[in-house]
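1. my questions concern the predicted model and sequence given below.
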Amino acid sequence: MYFNGLHLRLNTLYECNCDKCKATKINLASENDDPKFKSVLNAAENAFKHLHQKGSYSPDDIKEKPYQDLINQTYKVLNSAITDNDIPPEMLQKMQEDTFIFSGLKTHAQLLEASSMLLDDEGKIKSFNAFANDFNKINKDYNQNYLESEHQFAISSSQSAANWAALDPDGRYYLQYRTANDDRVREQHRVLQDTTLPKEDSFWLSYYPPNGWRCRCHVVEVLKAKYPLSDSKKAIENGERATTQIGKDGKNRLAIFRFNPGAEQKVFPPKHPYNKVKGADQVKKTLQEKPLKTTRDLTRHFESFAKDNKDFFSRGFKEIKLTKQRGVNGFTDMNGVIALKSDISAHIIDGLNNIKNKKPTTFDQERAISTLHHELWHNANKPGNMRMTTKQTSTMELANEFVSRKTLPEFMEKLGGKLQNEELTRNRTNTGYNKMVNNYDQIIKWSEADPAKVLETVKTHLVNEKYTNQMEGLVKAIKEHSKYEISEKTVETLIDLGKQKEYSEEVFKEFLEKNKNLLKDRG
């Protein structure tokens, strides 16, 4: 009985038999030959097969692959209706998130309904053939009939949001409501024609079109001097009538359209029936913890990370983006923007998803995370970017890479994981700084300096001092924490030698062994 009510509400919302809507339905039906539409029907069939094999469904199951596939295929269809519009990136991101949640709630609704049909009159699981008759009807209802209307609404809603975003911010214009102004316009909408009000009027928060499924109304900007203002109170009353349709249960079927897609940055009405299906809140919470997929997702993840780890971001965090620049794994402007190669970004995303799913991270994932960690330490530097000589740059990179690799286990814990490949704290071959850092490690060992104290000194200097002066921190760390007395000049010379091309790790090790006499007992 519950699902009969749901279908009644959906059919009431989506159904319109005017010539325009009938033509739209025919066009959309022909689009089912499009792979995007077919893929939803196929994904739903696989999801129903999985449901039958499992024999039950609960909201927690929404994470299972066949169900995720159905969500993703539904999202692709609806997202295609959004991305054709010129929507600001931040608004587009939020609208895509809303569409993904809507796709998940739609999937949940049909799975919950199908699960209610699993058992026969004797309480036993139906044969697959018997169950197929039920789910075929569900599939057609949700993933053909309803999806057509939802796709059309996504087009109208995203166009509306794009128009809202493009409105003049300086208040030079009024907004004016326009219908399609033909014989197919609904009478309730016709009375809104030419309603003219300021953008900040509350009317637009509830009655900015679309004001119904397949609504063709729109809003334009008009010069204040040319058009008189409408009566706001009367306009709101007309808007209420335009979005009122009382069903047999006494509820208003059109109240859900009282929202503004652009102002709320949502594609679908927040009060859509899918939001009221049993278990919808639990599904929504699960979906909001969805796997990271894109660099935009990565940016959002580190926006949250930055709030709890402000020490990494002396000038705040802005975004992670992709770069095609040759010869680098990544770089940063030290002002919160970090650029990464696409393969590095992909491995980081996979690694973070493993962490979220309590799975161990792989070597490639941790090595990619090391690259990001290196760039974060650049952003931690308080004085900020400045001009440097080639020698100063290499010294700064030595200090930064030394600190980032030695603190990698701690960083992995901050991300919620655990470093699986400890060798990355000693050797990271995908960076050009590897040899000079390893040679600095050899100086620490050769001088019998306390590794933990050396790290703390270099780290403090890296964060607080200018990049042109990082040699001082590297030298100070060895001199102060070595078992032996050793001059600053000697340490600086050794660090410079360790950076030179001809001093491989093996050659440098031999050189240090031959110069033990440079170490003097402390008096």
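-> Nice, thanks for sending it over. Numbers count the residues shown, from 1 in each chain.
2. how about the strands in the stretch 351-500 of the chain?
-> 484-485 (DSSP state E, counting those that start in this stretch).
3. C-alpha coordinates for the host helix or strand of S304, CSV please?
-> According to DSSP states H and E, S304 maps onto helix 295-308. Below are the C-alpha coordinates for helix 295-308, written out as CSV (Å, rounded to 0.1, in the frame of the first residue of the first chain):
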residue,chain,number,x,y,z
THR,A,295,40.2,16.2,-8.4
ARG,A,296,37.3,18.3,-7.3
ASP,A,297,36.4,15.6,-4.8
LEU,A,298,40.0,15.7,-3.7
THR,A,299,39.8,19.5,-3.2
ARG,A,300,36.7,19.1,-1.1
HIS,A,301,38.4,16.4,1.0
PHE,A,302,41.3,18.7,1.8
GLU,A,303,39.1,21.7,2.4
SER,A,304,37.8,19.6,5.4
PHE,A,305,41.3,18.4,6.2
ALA,A,306,42.6,22.0,6.2
LYS,A,307,40.1,23.1,8.8
ASP,A,308,41.6,20.6,11.3
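4. any idea of the mean pLDDT in the helix or strand following it?
-> Going down the chain from helix 295-308, the next helix or strand is strand 319-322, by DSSP H and E. Across strand 319-322, pLDDT averages out at 96.
5. again, but for stretch 116-135
-> Predicted confidence along stretch 116-135 averages 92 (mean pLDDT).
6. distance from that stretch to the middle of the chain?
-> From the chain centre to the centre of stretch 116-135 is a distance of 39 Å (C-alpha atoms, centre = their mean, to the nearest Å).
7. pretty sure Q176 sits in a helix.
-> No: going by DSSP: H, G, I helix; E, B strand; the rest coil, the assignment for Q176 is strand, not a helix.
8. contacting residues around it?
-> Residues near Q176 by C-beta atoms under 8 Å, 6 or more residues apart in numbering: D194, T195, T196, V219, V220, E221, V222, Y227. The way it works is simple: take the backbone N, C-alpha and C, and place the C-beta from them, glycine included.
9. give the bridge partners for it, please.
-> T196, V220 (DSSP bridges).
10. quick one: list the elements packing against the helix holding S304.
-> Applying 3 or more C-beta pairs under 8 Å, 6 or more residues apart in numbering; DSSP states H and E, one finds that helix 295-308 contacts strand 319-322, helix 342-356.
11. what inclination does the longest one have with respect to helix 295-308?
-> Relative orientation of helix 342-356 with respect to helix 295-308: 60 degrees, computed using axes from the mean of the first three to the mean of the last three C-alpha atoms, to 10 degrees.
12. can you give the contact residues for helix 342-356?
-> Helix 342-356 has contacts (C-beta under 8 Å, 6+ apart) with 289, 291-295, 297-298, 301, 320, 322, 324, 329-330, 340, 360-362, 364-369, 371-372, 415-417.
13. can you do 7 Å?
-> Contacts to helix 342-356, defined as C-beta atoms under 7 Å, 6 or more residues apart in numbering, come from residues 291-293, 295, 297-298, 301, 322, 329-330, 360-361, 364-366, 368-369, 371-372, 415-417.
14. could you do stretch 96-114 as well?
-> Outside stretch 96-114, the residues that touch it by C-beta under 7 Å, 6+ apart are 3, 6, 47-48, 51, 57, 59, 62, 67, 70-71, 74-75, 78-79, 82, 134-135, 138, 142, 154, 266-268, 274-275, 277-280, 283-284, 287, 290.
15. would you mark the buried spots in it?
-> 96-114 (16 or more other C-beta atoms under 10 Å).
16. need the helices and strands packed on helix 295-308 in TSV with distance to L494 and mean neighbour count, can you?
-> As requested, these are exported to TSV (distance: least, C-beta to C-beta, whole Å; neighbours: other C-beta atoms under 10 Å):
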stretch	distance to L494	mean neighbour count
strand 319-322	37	18
helix 342-356	32	20
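17. now distance to L13 too, for these, in JSON lines please.
-> JSON lines is the format used below for the helices and strands packed on helix 295-308 (distance: least, C-beta to C-beta, whole Å):
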{"stretch": "strand 319-322", "distance to L13": "38"}
{"stretch": "helix 342-356", "distance to L13": "35"}
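18. so which of the ones you listed is nearest S482?
-> Smallest distance to S482 across those (C-beta to C-beta): 36.2 Å, for helix 342-356.
19. give the rounded mean pLDDT of that closest one.
-> Helix 342-356 comes out with an average pLDDT of 94.
20. centre of the chain to it, how far?
-> From the chain centre to the centre of helix 342-356 is a distance of 13 Å (C-alpha atoms, centre = their mean).
21. where does the protein dip in pLDDT?
-> Applying pLDDT under 70 to the chain flags residues 1-2, 12, 15-35.
22. secondary structure element holding the nearest residue to G5 once chain neighbours are set aside?
-> With C-beta to C-beta, 6 or more residues apart in numbering as the criterion, G5 has its nearest non-adjacent residue at 7.4 Å, and that residue is D249. Following DSSP H and E, one finds D249 outside all helices and strands.
23. counting neighbours, what do you get for D249?
-> 9 (other C-beta atoms under 10 Å).
24. can you pull the phi/psi pair for it?
-> phi -90, psi 0 (degrees, to the nearest 10).
25. sorry, back to before: inside helices: which ones of the buried residues of stretch 96-114?
-> Among those, the members found in helices (DSSP state H) are 96-114.
26. still on that earlier bit, out of the contacts of helix 342-356, which are buried?
-> Among the contacts of helix 342-356, those buried by neighbour count (16+ other C-beta under 10 Å) are 292, 295, 297-298, 301, 322, 329-330, 361, 364-366, 368-369, 371-372, 415, 417.
27. can you tell me which of these are in helices?
-> T295, D297, L298, H301, D364, Q365, E366, A368, I369, T371, L372.
28. save those as TSV, and put in distance to L13 too.
-> As requested, these are exported to TSV (distance: C-beta to C-beta, whole Å):
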residue	distance to L13
T295	36
D297	31
L298	37
H301	35
D364	48
Q365	45
E366	49
A368	46
I369	46
T371	49
L372	45
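29. middle-most residue in this structure, spatially?
-> D297 (2.4 Å; C-alpha atoms, centre = their mean).
30. now do the contacts for it.
-> I349.
31. before we move on, the earlier item: among the contacts of stretch 96-114, name the buried ones.
-> 3, 6, 47-48, 51, 57, 59, 62, 67, 70-71, 74-75, 78-79, 82, 134-135, 138, 142, 154, 266-268, 274-275, 277, 279-280, 283-284, 287, 290.
32. count of neighbours near N439?
-> 24.
33. that one and T429: what is the separation?
-> Distance of N439 to T429, computed by C-beta to C-beta, to the nearest Å: 15 Å.
34. do S149 as well
-> Taken as C-beta to C-beta, the span from S149 to T429 is 55 Å.
35. and the helices in the stretch 51-200 of the chain?
-> For the stretch 51-200 of the chain, applying DSSP state H, counting those that start in this stretch gives helices covering 65-82, 89-115, 128-140, 147-165, 187-190.
36. turn those helices into TSV, including distance to G212.
-> Shown next, in TSV, are the helices of the stretch 51-200 of the chain (distance: least, C-beta to C-beta, whole Å):
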stretch	distance to G212
helix 65-82	17
helix 89-115	17
helix 128-140	24
helix 147-165	9
helix 187-190	8
